[in-house]
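1. for reference, the sequence and a predicted model appear below.
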Amino acid sequence: MATHSVTEDCEQLRKAFAGWGTNEGLIISILAHRSSAQIKLIRETYAKTYGEDLLKDLDKELSSDFERVVVLWALDPAERDAFLANEATKRWTSSNQVLVEITCTRTSQQLLLAKQAYHARFKRSLEEDVASHATGDFSKLLIPLVSIYRYEGDEVNMTLAKSEAKILHEKISEKAYNHEDVIRILSTRSKAQINATLNRYKNEFGNDINKDLKTDPKDEFLAILRATVKCLTRPEKYFEKVLRLAINKRGTDEGALTRVVTTRAEIDMKIIKEEYHKRNSVTLDHAIGKDTTGDYEKMLLALIGHGDA
Amino acid sequence: MMTESSIVQSFPSQNTTLKKKNKLMDPPDDFEALSKAVSGFGVDEDTLILILGKWHSEQLRSFRKRTQFFLEDERLFERLDGNQIAFWTKEFLRFKNAVVQWTMHPWERDARLAHEAITKGPESYGLLIEIACTRSSEELLGARKAYQSLFNQSIEDVVSRIQCTERKLLVALVSSYRYEGVQVNDSTARSEARTLGTAIRTSNKKNLIENDKIVRMLTIRSKLHLKAVVKVYKELYGRDIYKDLESEMRLKETIQCLCNPETYFSKVLIDALKDDADEDTKEGLTRVIVTRNNVDMKVIGEEFNKQYGVPLSRKIEEVALGNYKDFLVSLIDRINENLSEIPIVGSSTEGGASG
């Protein structure tokens, strides 16, 4: 419902930066309640009207967590994913999870757009940066996850599901977690096929595959494998867990919190909130309200209510 | 309604043989002409019509008795050799296949070629390499999309289930979405040339194609980067990488397709034109001319001439017949006439002729 004019929005945002300090409330009230398509229009108009990039002005005027959530939200989804992926390739191993998250919870088209945005912005392919950042087993898994253009149809081959459940069980029993068959199955099959295979796995061998992959809680590769499985099959549960851990940590993990909220606000935040409420007996709004403050908190709350705005 | 001759006529060509020969030929010349009309790439439709159209059963019987296409059956009749029937079926269809390939959207064309290669088996995997490496990132992506539409699976999925030594390489190649800008990191190129050189010189050659580092380099780096690697390799080792990879056909093809596609395609063409070429190899003639027409056909033609000492169009005139020949020659001539054709790759446009 375009009841807000783009020109008005631009004027208001410009006003928010005027004078001493910034009117963060105004920024939140506008940006948090616009879709990514609307924000794109605002950025274009802002640039035409004032000759400056809205993001640069936000960068100048805002600080830390609040700034990050606003800027990430204002980015086009593909640029956002490219930015987050690039950040992940520059950090240490804990960011492998971010790469898994981006490559496995996006649709094939979204991932493709992110890779195009990556080429344009960083003048390299994401695959190359993942290759230079990730080592050994991690790159064996991550590079295919980045590259594959997954089929998204519903067709399922039950014979294949049966044989691949068997292969997975074999390799896991042998502790050959990084075996190329395991990686191949997870990185090339459609999500529907993987779901069928893992259901078969559970029926045939008794356990959820992630239970069998928990043999060593300290093993980082196993953690990434489990994350891969979860992202591919139950993304809402994956995101619920990330949020739960981010908020309960001593000091909130703002990075994870900001990332999940900004990347899922337009996608499946409603389902994630339901999942969170189910799992934690309090609502996500309540948890965020308790753990964060100020404008950062206000922006987050506005974004997770986004579907209702 | 599109008839064969109207398709050919819509491509202006100086070499068309549409002028019908009206003079009657002597019987021995007739036999020779008829044999020639069905002994090449495609068939000489005009000659077939001209000769067979006027022959009586006597002449047909004479022809059957005298030529190698027919065998004396024990029950005393001239039987057509089964292989010959199969051969002629292919040759009569050659024009149709060329036309359909040309008209198809490039994405569908590549998807079908890839599917064919996978179905045919190991000798055809080179075609997968050809498609994955000589198309632009967007074209390869388009082929993957078309594959999903046509076959309800991703090509990565299907290729990942092939049992062969080159599987790792093939899956990675068809999955690639390479950066296509001009930025190249020279020191990375240098170190990768060294990695390549070391791997070639120390490892058991059989494992080269499964070497993670090599596969990764070949499948994620941009083409410009790999060209730099090839150049540095020559500086470091004083040898062409292609010579050092003589025994690793698939790796050699991969690098060639990525860095010197015109050399690769020239070879596909000359192999197709050899006397003992099998059907799959012969199909290379149509495939190269159709798929490279809007890309680098001119450069391929020049390379072909350089390597084999004869212009491509002349070679085609020698071995191809009838409408098939006219079609191919028209396609090549339009390149030389510098018809401006901007390669268009997008979801709502088609490649190929706008005839």
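-> Thanks, I have it.
2. starting at the chain centroid, how far to stretch A:242-259?
-> Between the centre of stretch A:242-259 and the centre of its chain there are 13 Å (Cα atoms, centre = their mean, to the nearest Å).
3. just the CA atoms of that stretch, as PDB, please.
-> C-alpha atoms of stretch A:242-259 as PDB (Å, rounded to 0.1, in the frame of the first residue of the first chain):
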ATOM      1  CA  VAL A 242      20.400 -18.900  16.100                       C
ATOM      2  CA  LEU A 243      18.100 -16.200  17.700                       C
ATOM      3  CA  ARG A 244      17.800 -18.100  20.900                       C
ATOM      4  CA  LEU A 245      21.600 -18.500  21.300                       C
ATOM      5  CA  ALA A 246      22.200 -14.900  20.200                       C
ATOM      6  CA  ILE A 247      19.800 -13.400  22.800                       C
ATOM      7  CA  ASN A 248      20.700 -15.700  25.700                       C
ATOM      8  CA  LYS A 249      24.400 -15.200  25.400                       C
ATOM      9  CA  ARG A 250      26.200 -13.200  28.000                       C
ATOM     10  CA  GLY A 251      25.800  -9.900  26.200                       C
ATOM     11  CA  THR A 252      23.700 -10.400  23.100                       C
ATOM     12  CA  ASP A 253      25.300 -11.600  19.900                       C
ATOM     13  CA  GLU A 254      24.100  -8.500  18.000                       C
ATOM     14  CA  GLY A 255      25.800  -9.700  14.800                       C
ATOM     15  CA  ALA A 256      23.600 -12.800  14.600                       C
ATOM     16  CA  LEU A 257      20.500 -11.100  15.900                       C
ATOM     17  CA  THR A 258      20.800  -8.300  13.300                       C
ATOM     18  CA  ARG A 259      21.600 -10.700  10.500                       C
END
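4. correct me if wrong, but A:Y151 is in a strand.
-> No: secondary structure assignment (DSSP: H, G, I helix; E, B strand; the rest coil) places A:Y151 in coil, not in a strand.
5. interface residues of the stretch 1-150 of chain A facing chain B?
-> Neighbours of chain B within the stretch 1-150 of chain A, by Cβ under 8 Å from any Cβ of the partner chain: A:112, A:115, A:119, A:123-125, A:127-128, A:131, A:139-140, A:143-144, A:147-150. For every residue, glycine as well, the C-beta is placed using N, CA and C.
6. can you name the element that comes right after the helix or strand encompassing A:K48?
-> Taking DSSP states H and E as the definition, A:K48 sits inside helix A:36-50. As assigned by DSSP H and E, the chain's next helix or strand after helix A:36-50 is helix A:54-61.
7. helices or strands up against that following helix?
-> Counting contacts by 3 or more Cβ pairs under 8 Å, 6 or more residues apart in numbering or on different chains; DSSP states H and E, helix A:54-61 is packed against helix A:6-17, helix A:36-50, helix A:64-74.
8. what's in contact with that helix?
-> A:13, A:16-17, A:22, A:27, A:42-43, A:46-47, A:67, A:70-71, A:74-75 (Cβ atoms under 8 Å, 6 or more residues apart in numbering or on different chains).
9. picking up where we left off before, nearest to B:F41, out of the helices and strands packed on helix A:54-61?
-> B:F41 lies closest to helix A:36-50 among those, at 53.4 Å (Cβ to Cβ).
10. just the helices from the stretch 101-250 of chain A, written as ranges.
-> A:108-122, A:126-133, A:136-147, A:158-173, A:180-188, A:191-205, A:209-212, A:220-233, A:235-248 (DSSP state H, counting those that start in this stretch).
11. so B:L173 touches B:R221, yeah?
-> No: between B:L173 and B:R221 there is no contact under Cβ atoms under 8 Å: 12.0 Å.
12. quick one: low-confidence ranges for the chain?
-> Since no chain was named, I'll use chain A. A:1-3, A:19-21, A:63, A:92-94, A:249-252, A:306-309 (pLDDT under 70).
13. could you do chain B instead?
-> Where chain B drops to pLDDT under 70, the residues are B:1-28, B:203-206, B:338-355.
14. highest mean neighbour count out of the helices and strands packed on helix A:54-61?
-> Using mean count of other Cβ atoms under 10 Å in any protein chain shown, the stretch among the helices and strands packed on helix A:54-61 with the largest mean neighbour count is helix A:64-74, at a mean of 21.
15. what's the angle from it to helix A:36-50?
-> Per axes from the mean of the first three to the mean of the last three Cα atoms, to 10 degrees, the angle that helix A:64-74 makes with helix A:36-50 is 100 degrees.
16. run the angle between helix A:64-74 and helix A:6-17 for me.
-> Using the same axes, to 10 degrees, the direction of helix A:64-74 lies 170 degrees away from that of helix A:6-17.
17. what's in contact with helix A:64-74?
-> With contact meaning Cβ under 8 Å, 6+ apart, helix A:64-74 is reached by A:24, A:27-28, A:31-32, A:39, A:43, A:54-55, A:58-59, A:62, A:80, A:83-84, A:254, A:258-259, A:261-263, A:265, A:292, A:294-296, A:299-300, A:303.
18. and the strand or helix carrying A:A82, what other elements does it pack with?
-> Using DSSP H and E, the element containing A:A82 is helix A:77-90. Helix A:77-90 makes packing contacts with helix A:64-74, helix A:96-105, helix A:108-122, helix A:126-133, helix A:254-264 when contacts are defined by 3+ Cβ pairs under 8 Å, 6+ apart.
19. which of the ones you listed is buried the deepest?
-> Most buried of the helices and strands packed on helix A:77-90, by mean neighbour count (mean count of other Cβ under 10 Å): helix A:96-105, with a mean of 24.
20. run the chain-centre distance for it.
-> The mean C-alpha position of helix A:96-105 is separated from the chain mean by 7 Å, Cα atoms, centre = their mean.
21. please apply the same query to stretch B:33-40.
-> Chain-centre distance of stretch B:33-40: 23 Å, with Cα atoms, centre = their mean.
22. my read: A:N157 touches A:Q193, true?
-> Yes: the pair A:N157 / A:Q193 is scored as a contact, 6.7 Å apart, by Cβ under 8 Å.
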